[in-house]
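Trainee: Got a sequence here, can you model it:
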Amino acid sequence: MDPADPELARFLDGLLDAAVTNPGDSEARGRLAIAYEMNDFDAAAVVVYRQAEALDPMEFRWPYFLSLLAIGQGDTEAALKPLDRALAVDADYAPAWLWKASLLRDLGENDDAAAAYGRARDLGEEVHAVVGLAQLALRQARPQDALALLESVRREDRHPQVFRLLGRAYQALGRTDDARIAMARGKDTEPMRWADPRRVGKSGYIMSLGGLLALAEGSMKAKDYESAVSILVPLRARFPDDKALLGNLAIAYGRLGRARQAFDVLRHAFTVEPEHSPFHNAMATVLEETGDRERARQHLEQSLALNPAQAWVHERLGRFWMENGDYEKALAALNDAVKYGIDKPETVFHLAGSIEGARERWPAAIDYFERAVALDESHAEAYLHLALCLAEVGRVDEAEAALVWAEKIGSRPREVAAARARLAGRTTPASVDPAAPSP
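Mentor: Coordinates of the predicted model:
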């Protein structure tokens, strides 16, 4: 245990005292096990979960949590037995059936896995069960069955993993173009997760700095800044000079419109470490929220002076210069974003192409849009802009091919129809919009 964190020690000691004082109390023992697990004392958690289950074999949570802990450690076989004990207590909890199905699938027990997915589906977990059944169908060389399952998923429920599986099914069926589009839509590797209500309360047992910071960052990613502040403010009392904490707290305050508190946090942050680039990034975010874009830009430039290899900061500066109409600086910043490994370079190429299109520099615009679609074949807007630019230089057949592909993607039928009208001369051709709508 970290000797610099007496609060965590007091928290665990209190739960341990309660368990020792009440040796026959399964709940007290289970709470201690949860606290051990959530603060990364996994070996102790395993022992205490088993003790809690022995005290009350009819309590679903203890074998269930023990199973999930084993899953997190990658021990598939060790996870199955406690999961079966949990399901013997409550056979109507759908998330447990999804876990069992995925374990059986990983062990190659395809028929049993299909039955478990079917049970989860009967209990209301339609999308996740369908995805699991489709994975089994692809494994068993039944792409048509997989396709039927996946196409039953509503478009708004299609996680990137659904598109990746669709791509595999299309490829197996020889539908190469459809496979390319689906695979492009499934590029985001964020795993598909199902809701698990019985796990929700466990986060209340996190007391370690790292665990609480991760929890706050998760809230910020979900744009739940109030929750982030509620986690970070008491944590700051324990760790007043932690740099990650201070930066996140300032940004959360800024997003909530609480600029004064954000600036107070950052004033202290700069006394902790004046030349820390994330503090300048946080200050830029807060200043942008207050409308002071010029000072925000200055802090972004100071951040890059300290650490030039921040691709996303280059992109932010590129967007700033683009909105200001300073296209040369915008292009330089966007090219630096690509140079330093921006996460989605196709978005940056689209922005750069839009700049060149707005200036009627058609060959340069075409080059950028072609680079965008080479990286993301599902990027309908980039194909539309590419088609318009190709038409401007008389490459009509290539423009038509780009429109055909945009039409095949299917996400922007009205824009495709409008572009066709422009190419046919029924309306006046227009330059590419320099505002560059998001892909």
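
Trainee: Could you check which helix or strand contains Glu294?
Mentor: Take DSSP states H and E as the rule and Glu294 turns out to sit in helix 293-306.

Trainee: on contacts alone, who are the packing partners of whichever helix or strand comes after that helix?
Mentor: Going down the chain from helix 293-306, the next helix or strand is helix 311-323, by DSSP H and E. Contacts defined by 3 or more C-beta pairs under 8 Å, 6 or more residues apart in numbering; DSSP states H and E place helix 311-323 against helix 293-306, helix 327-339, helix 345-358. C-beta coordinates here come from the backbone N, C-alpha and C atoms, glycine included.

Trainee: Please point out which parts of helix 311-323 sit buried.
Mentor: Using 16 or more other C-beta atoms under 10 Å as the test for burial, helix 311-323 gives 311, 313-322.

Trainee: Mean pLDDT for the helices and strands packed on helix 311-323 - can I get that in TSV?
Mentor: Formatted as TSV, the helices and strands packed on helix 311-323 follow (pLDDT from 0 to 100):
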stretch	mean pLDDT
helix 293-306	98
helix 327-339	98
helix 345-358	97
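
Trainee: Let me know which of those helices is tucked in deepest.
Mentor: helix 345-358 (a mean of 24; mean count of other C-beta atoms under 10 Å).

Trainee: That one: how far from the chain's middle?
Mentor: 24 Å (C-alpha atoms, centre = their mean, to the nearest Å).

Trainee: Repeat that for stretch 41-55.
Mentor: Taking mean C-alpha positions (C-alpha atoms, centre = their mean), stretch 41-55 and its chain are 32 Å apart.

Trainee: go on, stretch 14-22?
Mentor: 39 Å.

Trainee: domains in this structure, as residue ranges please.
Mentor: 6-185, 208-303, 344-439 (automatic domain parsing).

Trainee: Just tell me which of these ends up closest to Arg198.
Mentor: domain 6-185 (6.3 Å; C-beta to C-beta).

Trainee: avg pLDDT for the closest one?
Mentor: Regarding domain 6-185, the rounded mean pLDDT is 96.

Trainee: From one end of it to the other, what's the distance?
Mentor: By C-alpha to C-alpha, to the nearest Å, the extent of domain 6-185 from end to end equals 47 Å.

Trainee: what separates that domain from the chain centre, distance-wise?
Mentor: A distance of 19 Å separates the centroid of the chain from that of domain 6-185, by C-alpha atoms, centre = their mean.

Trainee: cool, and stretch 220-235?
Mentor: Distance, centroid of stretch 220-235 to centroid of chain: 17 Å (C-alpha atoms, centre = their mean).

Trainee: what does stretch 233-241 give?
Mentor: 27 Å.

Trainee: Can you give me the buried ones in it?
Mentor: Those would be 235-236, 238-239, for stretch 233-241 by 16+ other C-beta under 10 Å.

Trainee: Please apply the same query to stretch 93-107.
Mentor: 93-105.

Trainee: Between the residues you listed, which sits nearest Ala269?
Mentor: Distances from Ala269 to these, taken as C-beta to C-beta, are shortest for Pro95 (40.4 Å).

Trainee: Switch the buried residues of helix 311-323 over to TSV; also include distance to Tyr253.
Mentor: Converted to TSV, the buried residues of helix 311-323 look like this (distance: C-beta to C-beta, whole Å):
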residue	distance to Tyr253
Ala311	26
Val313	21
His314	26
Glu315	24
Arg316	19
Leu317	23
Gly318	26
Arg319	23
Phe320	22
Trp321	27
Met322	28
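
Trainee: quick one: the strands in this protein?
Mentor: Using DSSP state E, the chain contains no strands.

Trainee: tell me which strands and helices the lengthiest helix in it is in contact with?
Mentor: Longest helix of the chain, by residue count under DSSP state H: helix 6-21. With contacts defined as 3+ C-beta pairs under 8 Å, 6+ apart, helix 6-21 has these neighbours: helix 26-38.

Trainee: and the angle from the helix it packs on to helix 6-21?
Mentor: 150 degrees (axes from the mean of the first three to the mean of the last three C-alpha atoms, to 10 degrees).
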